[in-house]
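S.K.: Sharing a sequence plus its predicted fold:
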Amino acid sequence: MASPLNMVEFSLSEEEEMLRDLAHEFAETELRPNSEHWDNNREYPRDAIRLCHETGLTNLHIPEAYGGMGMGVMAEVIVQEELAWGDSGFATAAYANGLTGAPIITGATDAQKEKYLGMLIDDGALCSYCVTEPVAGSDVQGINTNAVLNGEHYVLNGTKMFITGAKYADWFFVLAYTNKEAGYKGMSGFIVESSWDGVSIGKKEDVMGQRCSDTRSVIFQDVKVPVENLIGGEEGNGWFNAMSAFDLSRPCVSAHAVGVARAAYEHALAYSLEREAFGKPIFNHQMIMAKLADMKTNIEAGRLLVWKSAWLADNGQPNTEAAAHAKRFCADMATEITIEAVQIFGGYGYSEEYPVARLMRAAKVFQIYEGASEIQRLIIGREITR
């Protein structure tokens with residue numbers, strides 16, 4: 001008989017259920033009524049993000065020692081699924097702090113944490129994760145951004161691409177080479193404030209989906225970065241900090257995918273019960289019923305993968321493989337389910353007047369950002385052959 005410590009628990013705690021209900025209510029009242037407007041107008045939902053912060057639904061992962069709630073990754077994924085159910089572009093925009101804050105939490109000095117994590121908590125500040133470049137996406141070691149020590153500061157030069165929330169960020173996590181010859185061991189992380197001389201922001205990208213999320217390039221030209229903004233106070237730790245951040249953020253992005261898939265499934269289910277063909281609701285045609293059954297199975301499976309990867313992180317256990325499983329499966333699953341939802345709606349699904357078209361456009365990016373599905377397969381392969 002298994003001891004209580006080894007038993008698997010699938011129910012949420014009372015606190016987690018309250019958090020989920022709060023997030024769902026916020027998504028239902030603040031996000032869904034505005035989702036179409038934000039998407040059509042490519043409008044960044046700054047006021048809604050601020051309200052989300054005031055409601056207590058952001059920065060849940062920040063430790064209590066630095067002013068946060070210290071609730072861990074499990075609490076984050078519960079909230080993130082609901083926010084993405086309401087609007088995935090909003091969820092991506094609001095969660096930029098989660099990804100950017102992760103390498104600060106795992107690798108920064110106490111002084112850096114107190115200052116920059118404190119800004120997120122006390123001031124509702126926003127931050128962005130600057131790693132991807134025009135010539136380096138999945139191949140992070142291919143970045144060209146560099147930082148050269150010059151007395152009491154580093155001189156930072158480079159261009160980052162596809163940076164979420166760039167225009168509205170108060171500070172950036174920036175990955176740069178301090179020793180190119182050392183390969184990935186020569187990368188260092190820096191905290192760079194957006195107001196500093198030499199920092200400029202590119203035009204907003206006209207993306208296919210999640211259009212309210214602000215995505216731009218960030219250019220660093222001879223930016224003087226104080227030595228105290230070298231993360232952890234040592235060169236060469238940037239690669240570890242940047243990659244370890246994904247172990248914390250990928251469960252949350254996977255939860256976004258679950259939320260989008262769930263929204264598409266619910267729309268398709270409701271439509272199938274209303275729409276009639278050949279004298280009965282289309283739900284009662286076996287082909288449609290089978291599609292919806294498969295959707296529900298995959299959503300349930302995806303959520304369990306997300307929860308496992310979050311539980312491992314919260315309990316101090318390695319979750320790299322579990323997070324890759326969740327990210328790969330949920331990204332592909334959300335893409336497939338949203339396409340099937342459009343199919344169930346038929347011609348109406350192809351019209352932008354119905355939400356499933358917007359959901360299908362939004363879902364595709366899950367297979368690309370925060371580690372493409374192909375990269376997740378490589379990670380899984382590497383982990384299972386260690």
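M.R.: Good, I have the coordinates. Numbers count the residues shown, from 1 in each chain.

S.K.: what's in contact with stretch 16-36?
M.R.: 12, 45, 48, 51-52, 55-57, 71, 74-75, 78-79, 82-83, 85-87, 89-90, 355, 358 (CB atoms under 8 Å, 6 or more residues apart in numbering). From N, CA and C alone the C-beta is placed, and that goes for glycine too.

S.K.: Please indicate which of these are buried?
M.R.: 45, 48, 52, 57, 71, 74-75, 78-79, 82-83, 85-87, 89-90, 355, 358 (16 or more other CB atoms under 10 Å).

S.K.: any low-confidence regions in the protein?
M.R.: Along the chain, the parts satisfying pLDDT under 70 run over 1-8.

S.K.: try it again with 90
M.R.: Within the chain, the stretches with pLDDT under 90 are 1-11, 61, 67-70, 72, 137-139, 244, 386.

S.K.: Domains in it, by residue range?
M.R.: Following automatic domain parsing, the chain resolves into domains at 9-122, 127-236, 240-384.

S.K.: Relative to residue 190, how far out is residue 285?
M.R.: 58 Å (CB to CB, to the nearest Å).

S.K.: ditto for residue 48
M.R.: With distances taken as CB to CB, residue 48 is found 30 Å from residue 190.

S.K.: show me where the stretch 201-350 of the chain has strands.
M.R.: 215-226, 276-277, 280-281 (DSSP state E, counting those that start in this stretch).

S.K.: What of the stretch 51-200 of the chain?
M.R.: Secondary structure of the stretch 51-200 of the chain by DSSP E, counting those that start in this stretch: the strands cover 127-130, 146-150, 153-164, 171-177, 187-193, 199-201.

S.K.: would you turn the ones you listed into a markdown table with distance to residue 253 and mean neighbour count?
M.R.: Putting these into a markdown table (distance: least, CB to CB, whole Å; neighbours: other CB atoms under 10 Å) gives the following:
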| stretch | distance to residue 253 | mean neighbour count |
| --- | --- | --- |
| strand 127-130 | 12 | 28 |
| strand 146-150 | 28 | 17 |
| strand 153-164 | 11 | 21 |
| strand 171-177 | 16 | 26 |
| strand 187-193 | 20 | 25 |
| strand 199-201 | 23 | 17 |
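
S.K.: Quick one: closest of these to residue 230.
M.R.: strand 187-193 (6.0 Å; CB to CB).
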